[in-house]
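In: Sharing a model that was predicted from the sequence below.
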Amino acid sequence: MRKSLIIFIILIIVILLISIALSLPKRPASKPVSPTPLSTLTPTLPPSVEFHGLSAKVKSVGDKYLVLQALTDQGLEEFKVYITDKTIIRKLWKNQEEGKSEPKIEKITLSDIKIGDIVAVGSDENIAGKKEFQASIITVIVQ
């Protein structure tokens with residue numbers, strides 16, 4: 001008797017589960033999504049990204065230009081930076097005077113810049129993707 005009661009309860013539960021499963025709305029079979037091949041994924045900068053400066057090492061000094069070497073996301077790259085009469089050229093170094101924490105800034109000329117100097121260059125134009133541009137300010141960083 002006890003065994004038949006257990007079988008009866010299991011049978012009722014199975015029938016309830018089947019009726020619930022049949023009463024649920026059917027969903028259409030989803031198609032498998034194929035992944036995008038890696039070869040079609042190319043990193044690009046959004047058109048709104050602008051760069052107006054870079055830090056670099058001086059590779060050569062010309063009459064009215066500098067050739068700089070900078071580390072970018074593309075690796076080590078060279079840039080030709082043109083200097084005009086409006087370009088501000090200065091040198092920045094740590095103030096050694098007692099109790100002074102502000103850096104010293106001194107105006108210099110293009111002839112004061114040497115190969116191997118570290119410079120920060122600013123431009124009024126967007127230099128993103130350019131290898132040559134005009135500098136509005138050049139700061140030699142003395143360490």
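Out: Looks like it arrived, so ask away. Note that the structure is predicted; figures quoted are calculated from it, not measured.

In: where do the strands sit along this protein?
Out: Using DSSP state E, the strands of the chain run over 53-61, 65-72, 75-82, 88-93, 104-107, 118-122, 132-134, 137-142.

In: Tell me which residues are up against the fifth one.
Out: Residues outside strand 104-107 that contact it (C-beta atoms under 8 Å, 6 or more residues apart in numbering): I88, I89, R90, K91, L92, W93, K94, N95. Any C-beta I mention is one placed from the backbone N, CA and C, and that applies to glycine too.

In: Same check on the second one?
Out: Where contact means C-beta under 8 Å, 6+ apart, the residues beyond strand 65-72 that reach it are 54-61, 76-83, 110, 113, 119, 121, 135, 138.

In: can you check the third one too?
Out: Contacts of strand 75-82 with the rest of the structure, by C-beta under 8 Å, 6+ apart, involve 54, 56, 59, 64-71, 121, 130-135, 138.

In: again, but for stretch 135-143
Out: 55, 66, 81-83, 86-94, 108, 112-113, 117-124.

In: Now it: buried residues?
Out: Neighbour-count burial for stretch 135-143, counted by 16 or more other C-beta atoms under 10 Å, picks out A135, S136, I138, T139, V140.

In: Quick check: the third one vs K130, distance?
Out: When you say that, I think you mean I138. 16 Å (C-beta to C-beta, to the nearest Å).

In: picking up where we left off before, list only those of the contacts of strand 75-82 flagged as buried.
Out: Among the contacts of strand 75-82, those scoring as buried are L54, A56, Y65, L66, V67, L68, V121, F133, A135, I138 (criterion: 16+ other C-beta under 10 Å).
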